[in-house]
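# Predicted coordinates and the sequence they were generated for:
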Amino acid sequence: AEFCDKLVDCLEVVLKGTWKVFSGLVMHETDFVGVQYRSEREQPFIFLPLPIVGTPVATLEKSLQEFVKAEKMDGENQVECEEAGNRKFDAFRRDWVSQLPELLIVHLKRWQLDYQTFAMKKINSRCEFPMELDMMPYVKQRGSSSAPRDDEASYKYALSGILVHRGPAGGGHYFSIIKDRASGKWYKFNDE
């Protein structure tokens, strides 16, 4: 993820003055309970970090559903509301994609901290993903309850590459599987 972020940052500098190929926006939304106020904050992203979700088999769609699912913040997790004198209230927090990039990079979060050993461990769960991904259910524009439906094709992405990690956390080997645009054939790029 760090390498991808740095690579895309360099590409964006080189491509400056042209359209933003890789960057999109995520909307962080907080709805307060008992207060007529909604906090909205947009943040740019280069890749969309998603948890691996699903039993016994994880899917990209389940991960996206988890990404946009509202989380109740209550009890010790109440949220401070500026509009109500910085008092704390129960609230619902959720994230939405508010602007899609031309090229969507999804990063499945396969690393998590083991709180007993305080070491990073790899999540080796199988994760299925479609050849075509419809992002419409996960997009929301500012002030609306759902994505506009006038250009449904602009929400669809065709899979064109996969980065695979083999091995444990803190080591291992990466290789790529990439689709040739001209022939439609898939090729494995592995220096091993």
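Structure's in. What do you need?
# Quick check: residue 99 vs residue 27, distance?
9 Å (CB to CB, to the nearest Å). Backbone N, C-alpha and C define where each C-beta goes, glycine included.
# now residue 45
Relative to residue 27, residue 45 is positioned 11 Å away (criterion: CB to CB).
# what does residue 125 give?
Applying CB to CB to residue 125 and residue 27 gives a distance of 28 Å.
# Who has more neighbours out of those two?
residue 27 (19 against 14; other CB atoms under 10 Å).
# Please name the nearest non-neighbouring residue to that one.
Nearest non-adjacent residue to residue 27, counting by CB to CB, 6 or more residues apart in numbering: residue 98, 4.0 Å away.
# wait, is that neighbour part of a strand?
Yes: per DSSP: H, G, I helix; E, B strand; the rest coil, residue 98 lies within a strand segment.
# Need the pLDDT of it.
On the pLDDT scale, residue 98 is placed at 93.
# is it true that it touches residue 140?
Yes: between residue 98 and residue 140 there is a contact under CB atoms under 8 Å: 6.2 Å.
# residues shared between the contacts of the two?
Common neighbours of residue 98 and residue 140, counting by CB atoms under 8 Å, 6 or more residues apart in numbering, are residue 27.
# Nearest the middle, which residue of this structure would you pick?
By CA atoms, centre = their mean, the mean C-alpha position of the chain lies nearest to residue 48, the distance being 2.5 Å.
# how close does residue 75 get to residue 88?
Taken as CB to CB, the span from residue 75 to residue 88 is 10 Å.
# Counting neighbours, go ahead and name the busier of these two.
A count of neighbours by other CB under 10 Å puts residue 88 above the other of residue 75 and residue 88, at 15 against 7.
# What secondary structure category should be reported for the more buried one?
Going by three-state DSSP: residue 88 is strand.
# For residue 131, give me its contacts.
Residue 131 neighbours (CB under 8 Å, 6+ apart): 158, 159.
# go again using 10 Å as the cut-off
By CB atoms under 10 Å, 6 or more residues apart in numbering, the contact set of residue 131 is 157, 158, 159, 160, 179.
# Residue 129 too?
So residue 129 contacts 58, 59, 60, 61, 63, 106, 108, 159, 162 (CB under 10 Å, 6+ apart).
# out of those, which are inside strands?
58, 59, 106, 108, 162 (DSSP state E).
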